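Asker: just a sequence and a predicted model for now, questions to come.
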Amino acid sequence: MRFDRLPEIRPVPRVTLSIDDEPVEARLGDTVTTALLAADAGATRQTPVSGAGRAAYCLMGVCFECLVEIDGVPNRQACLVSVSDGMVVRRQRGATRLPEIGG
Amino acid sequence: MSTAACDVLVIGGGLVGAAVAWGVARAGATVCVLDEGDDAIRASRGNFGLVWVQGKGDGMPDYAAWTRDSAGRWLELAAIIGEQDGIDVALRQPGGLEPCISEAEWVERELQVRRMHNQPGVGGNDVRMISAAEARELEPALGPEVVGASYCPHDGHVNPLFLLRGLHAGLARHGVDHRLDHWVESVRPDGDGFAVRTAHGTLRAGRVVLAAGLGNVRLGPLVGLDVPTEAERGHILVTERLDPVLSHPMGRLRQTEEGTVMIGASADRVGLDTSLDLATAAALAARARRVVPALGRARLVRSWAALRIMSPDGFPIYAESENHPGAFVVTCHSGVTLAAVHALYLAPSMLQPGFNDRYAAFHPRRFGGAEAA
Ligand SMILES: Cc1cc2nc3c(=O)[nH]c(=O)nc-3n(C[C@H](O)[C@H](O)[C@H](O)COP(=O)(O)OP(=O)(O)OC[C@H]3O[C@@H](n4cnc5c(N)ncnc54)[C@H](O)[C@@H]3O)c2cc1C
Ligand code: FES
């Protein structure tokens, strides 16, 4: 599946973010999910339960399928975060490990 | 106007109504369930998922024993749902802890445990106080502020949404006529049965079960039942999915099969209001960090508030109407824990005589209110 952008009504500034160190061009005002879909990024995480690939689904903050690491913080909802220039996005694998258990 | 006839019509398709409908359908009755839609107030979609024995029934030994029975029958319910409907409800009963983080909490808990040991036929449900060292041996993630805990070997937890889905799947398998967006306007005795009116028409049934959660307050008096319940709001916080941190459920903290840690649940009375209060949520999070400090590094990904259905003493209300036999009310706070006895015992007994004798302890006459006309 491919997502094509509609023509711009007026010029929108471009920003560059990275997904797993690959540069991705986006438009100011995009959500991270929009940028990832437009860049054909495919699966953006593997579920901690089955390991299956997942990507954004509801696009409105409800399903939590779009979780990615943004600027070092894992499990953020990409569909609810606006892009900014230089943003660092990473795909996720599995669950978060907490330090200090049993400490 | 459509009319339909069934043996038993259940009003409410939450955990209580679904368990009752499941049980009577399994016993061979033709059953209809009427429920509202996604805009309704529904405890069954917002609860904590504990199958919990400790502390239940302080002041009512019958309820303590009933709860213990349910925990004991839960494996059977989960097995039926798993084998017949292919849904794994993630039942785990490894025993449960309720950590204390101050001397005052310890003293109060110990007093309750001792008080309950003295109630006839309960034997304290095998709850005992354990030292901080013993608690940490069971649950290494407990922090230094934990001074001890109460422990019950029968406590466990389950995925309450899969439970609801599993019960609904069983209803479909038994051919139950399960209708959403069918808010019941009124119930009226009609010949040797009841006429139940909705915006889509009136249905006739031989027996009617009020399992409408907080909706029972209005429906009860229509068939001579007084159902004095109130809404109690509970907040729940959910973390991101984590590698295993906890191996036992706790009263206010549990890690699900999928890895999220659920932090719950507050209690306040604000009427039919499910809005979230930030200060309450923050207090829950702060306590969770004191109990399991590692959680301070976890991110919360969502939170909500839902409404418990509380009777004046917090215990279930089960009754058949004296004035209109064949009309029942079934409501309780702990509908997850009690799902097994509701489905396997209580529901089939509605098809037999003597319901009020069997469940005398749970009759609302204990509140002393006048039976509605
Ligand atoms: C925060 C919180 C935490 C909890 N934690 C636990 C726990 O850990 N363990 C446990 O055992 N229990 C727990 N509970 C309690 C448990 O969730 C409830 O006991 C249980 O869900 C009640 O089920 P119910 O079917 O009676 O109510 P509901 O789920 O409220 O269902 C009632 C249904 O009746 C319908 N209805 C109402 N009026 C009408 C009408 N006029 N016509 C048609 N339909 C109608 C509603 O739409 C609703 O679907 C918790 C509850 C809360 C709020
Ligand atoms: S896509 Fe559903 S929450 Fe982001």
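Answerer: Received it, and whenever you're ready, just let me know what you need. The model shown is predicted, which means the values in this text are computed figures rather than measured ones. Ligands and ions are numbered 1, 2, ... in the order given.
Asker: what residue ranges in chain A score low on pLDDT?
Answerer: Segments of chain A classed as low confidence (criterion: pLDDT under 70) are A:1, A:100-103.
Asker: quick check: closest non-adjacent residue to residue A:84.
Answerer: residue A:15 (6.3 Å; C-beta to C-beta, 6 or more residues apart in numbering or on different chains). Glycine gets a C-beta too; all of them are placed from N, C-alpha and C.
Asker: same question for residue B:128.
Answerer: Nearest non-adjacent residue to residue B:128, counting by C-beta to C-beta, 6+ apart: residue B:151, 5.9 Å away.
Asker: let me see the ranges of the strands in chain A.
Answerer: For chain A, the strands defined by DSSP state E cover A:14-19, A:22-27, A:45-46, A:53-54, A:67-70, A:73-77, A:88-90, A:92-93.
Asker: ah, wrong one, I meant the stretch 151-300 of chain B
Answerer: With DSSP state E, counting those that start in this stretch, the ranges of strands along the stretch 151-300 of chain B come out as B:156-157, B:177-179, B:184-190, B:193-198, B:201-210, B:230-241, B:253-255, B:260-263, B:300-310.
Asker: tabulate these (a markdown table), appending mean pLDDT and mean neighbour count.
Answerer: Formatted as a markdown table, the strands of the stretch 151-300 of chain B follow (pLDDT from 0 to 100; neighbours: other C-beta atoms under 10 Å in any protein chain shown):
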| stretch | mean pLDDT | mean neighbour count |
| --- | --- | --- |
| strand B:156-157 | 98 | 25 |
| strand B:177-179 | 97 | 17 |
| strand B:184-190 | 97 | 16 |
| strand B:193-198 | 97 | 19 |
| strand B:201-210 | 97 | 22 |
| strand B:230-241 | 96 | 21 |
| strand B:253-255 | 98 | 24 |
| strand B:260-263 | 97 | 23 |
| strand B:300-310 | 95 | 19 |
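Asker: can you name the residues that contact the residue nearest to residue A:84?
Answerer: Residues near residue A:15 by C-beta atoms under 8 Å, 6 or more residues apart in numbering or on different chains: A:25-28, A:83-87.
Asker: wait, which of those residues is closest to ligand 2?
Answerer: residue A:83 (14.5 Å; C-beta to the nearest ligand atom).
Asker: ok, the residue nearest to residue B:128 - contacts?
Answerer: Contacts of residue B:151 (C-beta under 8 Å, 6+ apart): B:54, B:95-98, B:127-130, B:134-135, B:138.
Asker: let's see it at 10 Å
Answerer: Residue B:151 makes contacts with B:54, B:95-99, B:113, B:126-130, B:134-135, B:138, B:248, as judged by C-beta atoms under 10 Å, 6 or more residues apart in numbering or on different chains.
Asker: next: residue B:39.
Answerer: Neighbour list for residue B:39: residue B:181 [criterion: C-beta under 10 Å, 6+ apart].
Asker: which of the strands of chain A sits most buried?
Answerer: strand A:67-70 (a mean of 22; mean count of other C-beta atoms under 10 Å in any protein chain shown).
Asker: picking that back up, can you add distance to residue B:176 and give the strands of chain A back as CSV?
Answerer: CSV is the format used below for the strands of chain A (distance: least, C-beta to C-beta, whole Å):
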stretch, distance to residue B:176
strand A:14-19, 48
strand A:22-27, 50
strand A:45-46, 38
strand A:53-54, 34
strand A:67-70, 37
strand A:73-77, 37
strand A:88-90, 47
strand A:92-93, 41
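Asker: how near is residue B:223 to ligand 2?
Answerer: Distance of residue B:223 to ligand 2, computed by C-beta to the nearest ligand atom, to the nearest Å: 44 Å.
Asker: beta partners of the closest residue to that residue other than its chain neighbours?
Answerer: Sequence neighbours aside, residue B:327 is the residue nearest to residue B:223 in space, at 3.7 Å (criterion: C-beta to C-beta, 6+ apart). When bridges are called by DSSP bridges, residue B:327 pairs up with residue B:208.
Asker: show me the domain layout of chain B.
Answerer: B:5-47+B:161-229+B:313-367, B:96-153, B:230-310 (automatic domain parsing).
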